[in-house]
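S.K.: from the sequence below, what's the structure:
(2 chains)
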Amino acid sequence: MSSSYDRGTVESFGRWQEFSAGMWAWVLHKFTGWILIGYLFTHIAVLSTATQSPEMYTDTLQGLEELVIVRFLEIGLLAVAVFHILNGVRLLMVDLGIGLGSQDKSFYASLVLTAVIALASIPTFLGGVF
Amino acid sequence: MSTQVTEQTETETEEQTEEQSPGERRREKKEQLQREREQEKSDLLDEAEETVELKIFRYDPEVPEKEEPRFDSFEVPFFEGMTVLDALIYARDTYDSSLTFRHSCRQAVCGSDALFINGKQRLGCKTQMVDLEWPIRIEPLPHQEVVKDLVVDMEHFYEQMHAVEPYFDPDELPDGEREEQRQTPENREKVKLSTRCIWCGACMSSCNVAAGDNQYLGPAAINKAYRFAMDEREGTDRKEDRLRIIEQEHGVWRCQTQFSCTEVCPKDIPLTEHIQELKREAVKSNLKFW
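M.R.: Okay, the predicted model is just below:
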């Protein structure tokens, strides 16, 4: 038993197909959290154009809203934010020890709700673009 | 079952050899019996309506041919009620006696045969072959060092278990020398599930956080701490001590509620629930507004 074979940590991500609900919830929560932090910076950058002049702020926003890609990104952002909120509520329940037996169902529910809300927002976000 | 049949033939062998006294005849008889046994085994393989393919992880640093980890395939007859451990035992007894794995009680009590079966930590003796997708892939527990084939090094797991002082230690003993230390039925119910732990290490192996943080106590050890911290007979001072152990940097706060441990626990212990409750207890004992 002089040496032993260490399979390393790579396998953790290599086995993503075998992840369970709780694991996916954790991965998605981290992922959406980082996206929201990234968005925060662009958000501040856009808003800070108002410090130059009101016209510049209006121009920047109108210029952005004219781009189709921005409209699609907005739907994505909404989906990310909604999932992060709903899963945050789920995690709050987990921390309070409420309904831990159905944590997987609440994860699926938050996924479905996110999809419904994102789909419902499409007319609003894409209106007048095409 | 395959294992029972082998046991029978073994006793037969002993009886036969006792009758034959001269060495040569005995060896001859033994060889014949050996042939019969092998014949019987292949009959068993023919008899079985179905056979299962096992893909088993092989590795042995002391054998040059096995230094490079690989998967070996074994064909095993399937019988109703067969567990993964039965299949492993058949493969070892029939094909390769060097196939190494831990097992003892065969009834999910000793906690020796936690294995990574078809991508999930399960007890070999508790997992029915019919419940799995065939062929069956059997590997040693992930995130633990492999010693040989399916045997992993459990030393670190045991260290973490001992770190939470897993023994009953009340503040005061009863007056009478032989007086019992009684527990209320309600309190017993509270710790009941946590007492089921068989130290198999499946939860620790499934935990992503434990994989990345070697100092993290892990689900099993925290569950052990829960079992005693929640025991009302120990008293408040001891509970404070216990909470101090588990609330340290690599204690309960490392848990990120991925529920992997709860998912794989062969004894169905709600591990995440216990960890979360200890988190709340730790906060409460630190705040003490009331």
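S.K.: which elements pack onto the helix or strand harbouring A:L92?
M.R.: A:L92 is part of helix A:68-96, with elements assigned from DSSP states H and E. For helix A:68-96, the elements it packs on are helix A:21-47, helix A:103-120, helix A:122-126, helix B:271-287, judged by 3 or more CB pairs under 8 Å, 6 or more residues apart in numbering or on different chains; DSSP states H and E. Where you see a C-beta, it was placed from the backbone N, CA and C, and this is true even at glycine.
S.K.: how far away from the center of its chain is that helix?
M.R.: Offset of helix A:68-96 from its chain centre (CA atoms, centre = their mean, to the nearest Å): 5 Å.
S.K.: just give the nearest non-adjacent residue to the residue in chain A that chain B sits nearest to, would you?
M.R.: Closest contact between chain A and chain B, by CB to the nearest CB, is at A:G22 (2.9 Å). With sequence-adjacent residues excluded and distances taken as CB to CB, 6 or more residues apart in numbering or on different chains, A:G22 is closest to B:F259, at 2.9 Å.
S.K.: what pLDDT is listed against the residue nearest to B:T195 when sequence neighbours are not counted?
M.R.: Among residues not flanking B:T195 along the chain, B:R227 sits closest, at 5.7 Å (CB to CB, 6+ apart). We have a pLDDT of 93 for B:R227.
S.K.: give me the three-state assignment for B:R227.
M.R.: Three-state assignment for B:R227 (DSSP: H, G, I helix; E, B strand; the rest coil): helix.
S.K.: same deal with B:K126?
M.R.: Recorded secondary structure, B:K126: coil (three-state DSSP).
S.K.: now it: phi and psi?
M.R.: Main-chain dihedrals, B:K126, degrees, to the nearest 10: phi -110, psi -10.
S.K.: any idea how far it is from B:L132?
M.R.: According to CB to CB, to the nearest Å, B:K126 stands 12 Å off from B:L132.
S.K.: ok, B:M161 next?
M.R.: From B:M161 to B:L132 the distance is 29 Å (CB to CB).
S.K.: can you check B:D268 too?
M.R.: Following CB to CB, the distance that separates B:D268 from B:L132 is 19 Å.
S.K.: higher neighbour count, these two?
M.R.: With neighbours defined as other CB atoms under 10 Å in any protein chain shown, B:D268 and B:L132 compare such that B:L132 has more, 16 against 9.
S.K.: contacting residues for the more buried one?
M.R.: By CB atoms under 8 Å, 6 or more residues apart in numbering or on different chains, B:L132 lies in contact with B:84, B:117-118.
S.K.: swap in 6 Å and give it another go.
M.R.: For B:L132, the contacting residues are B:N118, by CB atoms under 6 Å, 6 or more residues apart in numbering or on different chains.
S.K.: give me the below-cutoff pLDDT ranges for chain A.
M.R.: In the predicted model of chain A, residues A:1-14, A:129-130 satisfy pLDDT under 70.
S.K.: center of it, which residue is that?
M.R.: By CA atoms, centre = their mean, chain A has its centre lying nearest to A:V80, at 2.4 Å.
S.K.: where does the closest residue to B:L99 other than its chain neighbours fall, phi/psi-wise?
M.R.: Counting by CB to CB, 6+ apart, B:R92 is the residue found nearest to B:L99 once chain neighbours are left out, at 4.3 Å. Main-chain dihedrals, B:R92, degrees, to the nearest 10: phi -70, psi -50.
S.K.: just give me the neighbour total for B:R92.
M.R.: 18.
S.K.: how close does it get to B:M82?
M.R.: From B:R92 to B:M82 the distance is 15 Å (CB to CB).
S.K.: same deal with B:P270?
M.R.: Distance from B:P270 to B:M82, by CB to CB: 30 Å.
S.K.: now swap in A:L92 and tell me
M.R.: Counting by CB to CB, the gap from A:L92 to B:M82 is 45 Å.
S.K.: what's the answer for B:E133, then?
M.R.: Computed as CB to CB, the B:E133 to B:M82 distance reads 15 Å.
S.K.: name the residue in these two with the higher neighbour count.
M.R.: A direct count of neighbours by other CB under 10 Å for B:E133 and B:M82 places B:M82 higher, at 20 against 8.
S.K.: surely the more buried one meets B:V130?
M.R.: No - with contact defined as CB atoms under 6 Å, B:M82 does not reach B:V130; the gap is 8.0 Å.
S.K.: and the pLDDT at the nearest residue to B:D153 once chain neighbours are set aside?
M.R.: Leaving aside its sequence neighbours, B:D153 sits nearest to B:E145 (CB to CB, 6+ apart; 4.5 Å). Looking at B:E145, its pLDDT reads 87.
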